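A.B. asks: Got a predicted model here, sequence first, then my questions.
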Amino acid sequence: MRVCILGGGGLGSVVGGYLAEAGVDVTLIARPSHAEAIQKNGLRIHGQRRGEHLVKENLTVVTHPDQALGEFDYFMLVVKSKDTAQALSDAIRLKDRCKTVVSLQNNIVKESLLAEWAGAAKVLGVSIIEGGSLEAPGVVLNHITATTTFYAGELDGTVSPRAEELVAAMNSAGLPSKAVTCIRQVLWEKLCQICNASAWSASTLPGNPELTFNEGAILREGAEHYVTLGYEILSVYTRMGYTPQNFYAPLSRLKEIHEAKSFDEACDSLMTMAQQLQAKGIRSRTSMHDDVLHHRKSEAPWILKPIIEKAHEFGVPVPTLVAVDRILSVLDTYAK
């Protein structure tokens, strides 16, 4: 199997590195400094859950899509949502050499954009929760994973051989994966989960660069803000006809919030989870939190706005989420 990954940052490097280590022929398209470091010393991946890895075999690193040579079984788009248009434009000469195209991004329109780029027949629906942060050129931290971290399925609700083949490759790479018939629900639930965590962290924690999810969620006030956002987001998700499944347990708390008998019970559940993560030494941030910390434009238009638009469509009030979106809009105005 040959895989081309456009977006060799944290997540792209984690997925590409593990696949290469499992014997998949991977071409990673990354920024020059990262590419140079990997070419010289290999790709170092570390994290509490999977330990230390140094990947040198089966990994080709280039800096532009035109340098990715040959044909590929799978093309993975892993750039920030706001960079999608430019990335796909740069890769225009690559699309005809890729049999199947997927996006690991955090948004709900990614499959539609890929269909416009490469044709609907090439698009496979996928979703991932794995976390990766680029710490230094050639070094990435794998800081988030889940019981099942990757899902794949056809957008028409079927499971195809190509979905099963990709899932098998991800499983062999140590990334627990499933082929499913409900990929559209997985995509929407992940968006709701990411929206909840991102809106909360970006509006709660950025004032102190030392804080991570746990430090905010173990406090009653932090948990109350998280659950308040969760209730609003769930009011939209359930109006769409979905029931929370916690596809990314134990990271997702949507099901617990939905099934809690009271607001206080939902807050207690979140605080308990944060305490357990803290006791295990697991510390993480959402990518939106990192964006705000580093004065980068956030992905709020891609993550918060779709939920808000659905809320307006259904006539469902989401005042807290709207307030957070306004805050991020102001910050984004002055971001890099």
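C.D. replies: Alright, I've got the coordinates. Numbers count the residues shown, from 1 in each chain.
A.B. asks: which residue ranges form the helices in this protein?
C.D. replies: Taking DSSP state H as the test, the helices found in the chain are 10-21, 32-41, 84-90, 110-118, 161-172, 183-204, 213-217, 220-239, 254-259, 263-279, 287-293, 300-303, 305-314, 319-333.
A.B. asks: can I get these in CSV with mean neighbour count, distance to residue 128 and mean pLDDT?
C.D. replies: Bear in mind the C-beta positions are built from the backbone N, C-alpha and C, glycine included. Converted to CSV, the helices of the chain look like this (neighbours: other CB atoms under 10 Å; distance: least, CB to CB, whole Å; pLDDT from 0 to 100):
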stretch, mean neighbour count, distance to residue 128, mean pLDDT
helix 10-21, 27, 7, 97
helix 32-41, 17, 20, 98
helix 84-90, 15, 16, 97
helix 110-118, 19, 12, 98
helix 161-172, 18, 9, 98
helix 183-204, 24, 8, 96
helix 213-217, 22, 18, 93
helix 220-239, 20, 19, 98
helix 254-259, 19, 17, 94
helix 263-279, 17, 20, 93
helix 287-293, 23, 13, 89
helix 300-303, 23, 15, 96
helix 305-314, 17, 18, 98
helix 319-333, 16, 23, 97
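A.B. asks: which ones are touching the closest residue to residue 39 other than its chain neighbours?
C.D. replies: Beyond its immediate neighbours in the sequence, the residue positioned closest to residue 39 (CB to CB, 6 or more residues apart in numbering) is residue 61, lying 5.7 Å away. With contacts defined as CB atoms under 8 Å, 6 or more residues apart in numbering, the neighbours of residue 61 are 8, 27-30, 34-35, 38-39, 43.
A.B. asks: With residue 46 instead?
C.D. replies: Counting by CB under 8 Å, 6+ apart, residue 46 makes contact with 52-53, 139-142.
A.B. asks: now, among these, which is nearest to residue 153?
C.D. replies: residue 142 (24.4 Å; CB to CB).
A.B. asks: excluding its backbone neighbours, what's nearest that closest one?
C.D. replies: In space, and not counting its chain neighbours, residue 142 is closest to residue 47: 3.6 Å by CB to CB, 6+ apart.
A.B. asks: ok, the one you found to residue 229 distance?
C.D. replies: The gap separating residue 47 from residue 229 is 27 Å, by CB to CB, to the nearest Å.
A.B. asks: what about residue 262, how many neighbours?
C.D. replies: For residue 262, the neighbour count with other CB atoms under 10 Å is 8.
A.B. asks: pLDDT score assigned to it?
C.D. replies: Looking at residue 262, its pLDDT stands at 97.
A.B. asks: gap between it and residue 245?
C.D. replies: Shown here: residue 262 relative to residue 245, a distance of 22 Å by CB to CB.
A.B. asks: What of residue 334?
C.D. replies: Between residue 334 and residue 245 the computed distance is 39 Å (CB to CB).
A.B. asks: Between the two, tell me which one has more neighbours.
C.D. replies: In terms of neighbours (other CB under 10 Å), residue 245 is the more surrounded of residue 334 and residue 245; the figures are 14 against 8.
A.B. asks: Please tell me I have it right and the more buried one contacts residue 192.
C.D. replies: No. Look at residue 245 against residue 192 with CB atoms under 8 Å: they stay out of range, at 11.2 Å.
A.B. asks: gap between residue 11 and residue 283?
C.D. replies: Residue 11 sits 17 Å away from residue 283 when distances are taken as CB to CB.
A.B. asks: With residue 6 instead?
C.D. replies: Separation of residue 6 from residue 283 (CB to CB): 29 Å.
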